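Participant: attaching a predicted model along with its sequence, questions to come.
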Amino acid sequence: MNADLIFDLLKASFGQKKVLQIDLNDQPQSIEITAQENRALFTFLRDDDRLYFDMLSSITGIDNGPEVNTMEVIYNLYSIPFDLHLMVKIKFDRETPLVPTVSDIWKTANWHEREIFDLLGIRFEGHPDLRRILLPSDWEGHPLRKDDILQERYHGIKVDY
Amino acid sequence: MVFNIGPQHPSTHGVLRLEVVTDGEIVKEVIPHIGYLHRCFEKHAESMPFNQTIPYVDRMDYMSAMNSEHAYAMGVERMLGITDQIPKRVEYIRVLVAELNRIASHFVAIGTYGLDIGAFTPFLWLMRDREHILRLLEWTCGARMLYNYIWIGGLYYDLPLQFEERCAEFSAYLKPKLEHLETLLITNKIFIERTAKVGVLPLDLAVNYGVTGPMLRGSGLKYDLRRVDGYSVYPELDFDIPIGTGAMGTVGDCWDRTYVRMQECHESLKIIDQCLTKLTHELKRDKDFNPRALVPKKIRPKAGDYYVRAENPKGELGFFFRTDGRSDIPVRCKARGCSFVNLSVLPEISKGVMISDLIAIVGSLDLVLGEVDR
């Protein structure tokens, strides 16, 4: 089953409004979905007999900068029994960086989402333990945001060298 | 009682802090605190061209820098669409050095694991044998651990003269040593008592947590990206994928994981021997051969998102790239570290164990904190 068929399947199950578009240039090919109420869709991707995306390889957060004013979260899924790859994209407004968590669908998402929250400040609705993971808990700002300004001093130590 | 193991503790294999809640000798909860070694690899990668990122990739998993380089270079080559043009000799040399490095990484994993649970001698033996590998790799590029040897589109240099012969000698030397190791450590009664039926990781939980590499294979799934994806020249090579069978206890316990690593050293030696045969016969050394011939002057992948992955000694190392098609600097480069993901399963499998077993479980994860924190 290739991305085209998965796209049609998802559109048939969840409707045009939820499943937005497909991009065949990406490797693996990607499907963009809406940011709101997509947990049913992810559960479907994991549990459906034809897909069975049991492995969530990675979650990436991207900040497109203040001019474009959007942020993205990208999920890289892999299906071990069927050897399928899929990239799922969610795009949302930069002012309201809030997406539903998938950490109860794939438990590995727990730490990936914490990392994205830490470095990009994207919040995950329903996440059980959304704390900073790589940076110290009293760090200010989210360094992978394009407009992030480093704090000048951290506990009396000069940050920018 | 709440107490801390680490960040400066030899059995945490680096700067990992475990906040442990205990009831007497029983562990109720483990909360890993990471980030002491965070260098923001991703921020660095966003500010420099693709080829200049390779030294940073080395420093992620410093125990197996060659494997990480291989994964990264392969990813960028796939973006540029030059994967098919890479000369066979280059590919075989890459696989050769990567497999040497895989053995070195597994040696550190097994050696320090023995050290954690009280076996001192195997550590010294393995460090002695690992030293041979490090010297071989130093000979190729000048650095012992952080090589910058595999470049995008080629290699830094061809192999030094007589490298193949020395490497074959080493391979012959190592085979009996692995047998010794197996009798001394792996099938040792004390070792089995400490690791069998400890830290059992069931397969469904492992997959749900995204655990990969020897840990997933230890849980009984024949899943190796060298086979599944068949990248580089791995489809041409003959090797087995060892899995955990629960020979000493339960499938997916600490013993299975260590045994899988040990067996993988044998398989890597098999691959090395095949590479050496190829490199001395069909793909012989040629003085006109230039391993840098295909190294691109300007790296301009076309715009898009790419996810590439490869089998590192510790699991699946993935790179996510977003490129804009205009510059040779990625818009976003994310590394999916295998140690990072493998560590996240620790709180789950260490509930209700003894404190001494917790040490055994942490050791069996084979963490490199450089990659956990990136």
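Facilitator: Done, it's in. Owing to the predicted nature of the structure, the values given are computational and were not obtained by experimental measurement.
Participant: what count of nearby residues applies to the residue of the stretch 101-250 of chain B found nearest chain A?
Facilitator: Closest to chain A within the stretch 101-250 of chain B is residue B:210: 3.3 Å, counting by CB to the nearest CB. For the C-beta atoms, the positions are set from N, CA and C on the backbone; glycine is no exception. Residue B:210 has 28 neighbours, counted by other CB atoms under 10 Å in any protein chain shown.
Participant: just list the residues touching the closest residue to it other than its chain neighbours, thanks.
Facilitator: Among residues not flanking residue B:210 along the chain, residue A:108 sits closest, at 3.3 Å (CB to CB, 6 or more residues apart in numbering or on different chains). Residue A:108 makes contact with A:56, B:208-211, B:341, B:344, according to CB atoms under 8 Å, 6 or more residues apart in numbering or on different chains.
Participant: okay, strands next: where are they in the chain?
Facilitator: Just going to use chain A. For chain A, strands defined by DSSP state E occupy the ranges A:19-23, A:30-33, A:55-63, A:70-79, A:84-93, A:98-100, A:123-125, A:153-154, A:157-158.
Participant: other chain: chain B
Facilitator: Going by DSSP E, chain B shows strands at B:2-5, B:17-23, B:26-33, B:150-151, B:154-155, B:304-312, B:315-323, B:332-336.
Participant: would TSV of these with distance to chain A, mean neighbour count and mean pLDDT be doable?
Facilitator: Formatted as TSV, the entries for the strands of chain B read as follows, by distance: least, CB to the nearest CB, whole Å; neighbours: other CB atoms under 10 Å in any protein chain shown; pLDDT from 0 to 100:
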stretch	distance to chain A	mean neighbour count	mean pLDDT
strand B:2-5	15	12	87
strand B:17-23	12	16	90
strand B:26-33	9	17	91
strand B:150-151	21	24	90
strand B:154-155	22	23	88
strand B:304-312	4	23	89
strand B:315-323	5	25	90
strand B:332-336	4	25	90
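Participant: who touches the residue nearest in space to the middle of chain B in this structure?
Facilitator: For chain B, residue B:313 is the residue whose C-alpha lies nearest the centre (CA atoms, centre = their mean; 2.5 Å). Each residue near residue B:313 by CB under 8 Å, 6+ apart is listed here: B:63-64, B:67, B:101-102, B:105-106, B:109, B:213-214, B:264, B:366.
Participant: the strands of chain A: which one's closest to residue B:288?
Facilitator: Of all these, strand A:84-93 sits nearest to residue B:288, with 39.3 Å by CB to CB.
Participant: and the closest one, average pLDDT?
Facilitator: Per-residue pLDDT over strand A:84-93 has a mean of 89.
Participant: with stretch B:162-175 instead?
Facilitator: Mean predicted lDDT for stretch B:162-175 stands at 91.
Participant: flag every buried residue along that stretch.
Facilitator: Within stretch B:162-175, the residues scored as buried using 16 or more other CB atoms under 10 Å in any protein chain shown are B:163-164, B:166-167, B:170-171, B:174.
Participant: give me the nearest residue to residue A:45, chain neighbours excluded.
Facilitator: Excluding its sequence neighbours, the residue lying closest to residue A:45 (CB to CB, 6+ apart) is residue A:53, at 4.7 Å.
Participant: in helices, which of the buried residues of stretch B:162-175 fall?
Facilitator: Residues of the buried residues of stretch B:162-175 located in helices (DSSP state H): B:163-164, B:166-167, B:170-171, B:174.
Participant: can you add distance to residue B:276 and give those back as CSV?
Facilitator: Converted to CSV, those look like this (distance: CB to CB, whole Å):
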residue, distance to residue B:276
B:163, 9
B:164, 5
B:166, 10
B:167, 6
B:170, 10
B:171, 7
B:174, 13
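Participant: tell me the contacts of residue 146?
Facilitator: No chain specified, so I'll use chain A. Contacts of residue A:146 (CB under 8 Å, 6+ apart): A:63-66.
Participant: not quite, go with chain B.
Facilitator: Residue B:146 neighbours (CB under 8 Å, 6+ apart): B:55, B:58-59, B:62, B:65.
Participant: can I have the buried ones of these as a PyMOL selection?
Facilitator: This is how PyMOL selects the buried members of the contacts of residue B:146, with burial counted by 16+ other CB under 10 Å:
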select buried, chain B and resi 58+59+65
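Participant: between the contacts of residue B:146, which sits nearest residue B:147?
Facilitator: Using CB to CB, these come closest to residue B:147 at residue B:65, 5.3 Å.
Participant: okay, the residue nearest to the closest one when sequence neighbours are not counted: pLDDT?
Facilitator: Residue nearest to residue B:65 in three dimensions, not counting chain neighbours: residue B:58, with 4.0 Å by CB to CB, 6+ apart. Note on residue B:58: pLDDT of 90.
Participant: equivalent analysis for residue A:161, please.
Facilitator: pLDDT, residue A:161: 69.
Participant: ok, residue B:204 next?
Facilitator: 89.
Participant: for the residue of chain A found nearest chain B, give me the pLDDT.
Facilitator: Chain A approaches chain B most closely through residue A:108 (3.3 Å), counting by CB to the nearest CB. Residue-level confidence at residue A:108 comes out at 91, pLDDT.
Participant: residue contacts, residue B:40?
Facilitator: A:119, A:143, B:374.
Participant: what is the neighbour count of the second one?
Facilitator: Counted with other CB under 10 Å, residues neighbouring residue A:143 total 18.
Participant: next, the contact list for it, please.
Facilitator: A:119, A:135, A:150, B:40, B:43.
Participant: any chance of those in TSV, plus distance to residue B:349 and pLDDT?
Facilitator: Below are the contacts of residue A:143 laid out as TSV (distance: CB to CB, whole Å; pLDDT from 0 to 100):
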residue	distance to residue B:349	pLDDT
A:119	27	89
A:135	27	88
A:150	38	82
B:40	29	85
B:43	32	87
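Participant: filter those down to just the buried residues.
Facilitator: Looking at these with 16+ other CB under 10 Å, the buried ones turn out to be A:119, A:135, B:40.
Participant: chain B contacts on chain A?
Facilitator: A:23, A:25-28, A:30, A:54-58, A:60, A:62, A:74, A:76, A:80, A:83, A:85, A:87, A:89, A:106-108, A:110-111, A:119, A:132-136, A:143-144 (CB under 8 Å from any CB of the partner chain).
Participant: filter the residues you listed down to the buried ones.
Facilitator: A:26-28, A:30, A:54-58, A:60, A:62, A:74, A:76, A:85, A:87, A:89, A:106-108, A:110-111, A:119, A:132-135, A:143-144.
Participant: that older thread, among the contacts of residue A:143, which two are most distant?
Facilitator: Those two in the contacts of residue A:143 that are separated most widely, counting by CB to CB, are A:119 and A:150, at 13.3 Å.
Participant: a markdown table for the strands of chain B, including distance to residue B:191?
Facilitator: As requested, the strands of chain B are arranged in a markdown table below (distance: least, CB to CB, whole Å):
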| stretch | distance to residue B:191 |
| --- | --- |
| strand B:2-5 | 22 |
| strand B:17-23 | 23 |
| strand B:26-33 | 21 |
| strand B:150-151 | 35 |
| strand B:154-155 | 39 |
| strand B:304-312 | 25 |
| strand B:315-323 | 23 |
| strand B:332-336 | 32 |
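Participant: what's the neighbour count on residue 142?
Facilitator: Since you didn't name a chain, this refers to chain A. With other CB under 10 Å as criterion, residue A:142 counts 20.
Participant: chain B is the one I meant
Facilitator: 12.
Participant: do the same with residue A:43
Facilitator: For residue A:43, using other CB under 10 Å, the count is 13.
Participant: that one reaches residue A:105, doesn't it?
Facilitator: Yes - counting by CB atoms under 8 Å, residue A:43 touches residue A:105, with 5.7 Å between them.
Participant: taking the stretch 51-200 of chain B, what residue is nearest to chain A?
Facilitator: For the stretch 51-200 of chain B, CB to the nearest CB, closest residue to chain A: residue B:78, 7.0 Å.
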